[in-house]
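> model the structure of this input:
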Amino acid sequence: MAKKKGNRILIGLECTETGKRTYVTQKNRMNSEGKLEVMKYNPLLKKHTLHKEVQKLK
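This next block holds a predicted model:
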């Protein structure tokens, strides 16, 4: 079975305040050309903080 290469890629999200990578999500490379920035919950700080896209995962 051949695996189809789609438009969605896995990315890691890193907290801007602590620098820890706590989330992994998918991004559509056709619709989102820039880096992803999302407000997510940080369990270490126990509050919502800004998380930015840092790397593409396999």
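
> give me the sheet partners of the helix or strand containing Tyr41 and which way each runs.
In this structure, Tyr41 sits in strand 37-42 according to DSSP states H and E. Under the criterion DSSP bridges, strand 37-42 sits next to strand 47-57 (antiparallel) in its sheet.

> name the residues that touch the strand it pairs with?
Residues outside strand 47-57 that contact it (C-beta atoms under 8 Å, 6 or more residues apart in numbering) are 9-18, 21-24, 27, 35-42. For glycine as for every other residue, the C-beta is placed from the backbone atoms N, C-alpha and C.

> 7 Å instead?
9-17, 21, 23-24, 35-42 (C-beta atoms under 7 Å, 6 or more residues apart in numbering).

> so where's the protein uncertain?
By pLDDT under 70, the weakly predicted segments of the chain are 1-4.

> apply 50 and report the result again.
Applying pLDDT under 50 to the chain flags no residue at all.

> can you name the residues that contact Met30?
Asn7.

> hey, what's Lys52 bridged with?
Glu14, Glu37.

> mind checking how far it is from Thr16?
Going from Lys52 to Thr16 by C-beta to C-beta, to the nearest Å gives 6 Å.

> more neighbours: the two, which one.
Lys52 (14 against 11; other C-beta atoms under 10 Å).

> contacting residues for Ile11?
Contact partners of Ile11, counting by C-beta under 7 Å, 6+ apart, are 25, 27, 36, 53, 55-57.

> what's the farthest-apart pair in these?
Greatest spatial distance in those: Leu36 and Leu57, 13.1 Å, computed using C-beta to C-beta.

> between these two, which one's more packed in?
A direct count of neighbours by other C-beta under 10 Å for Leu36 and Leu57 places Leu36 higher, at 13 against 10.

> count of residues packed around Arg29?
Around Arg29 there are 12 residues (other C-beta under 10 Å).

> hmm, Lys5 and it touching each other?
No - applying C-beta atoms under 7 Å as the test, Arg29 and Lys5 come out as separate, 10.7 Å apart.
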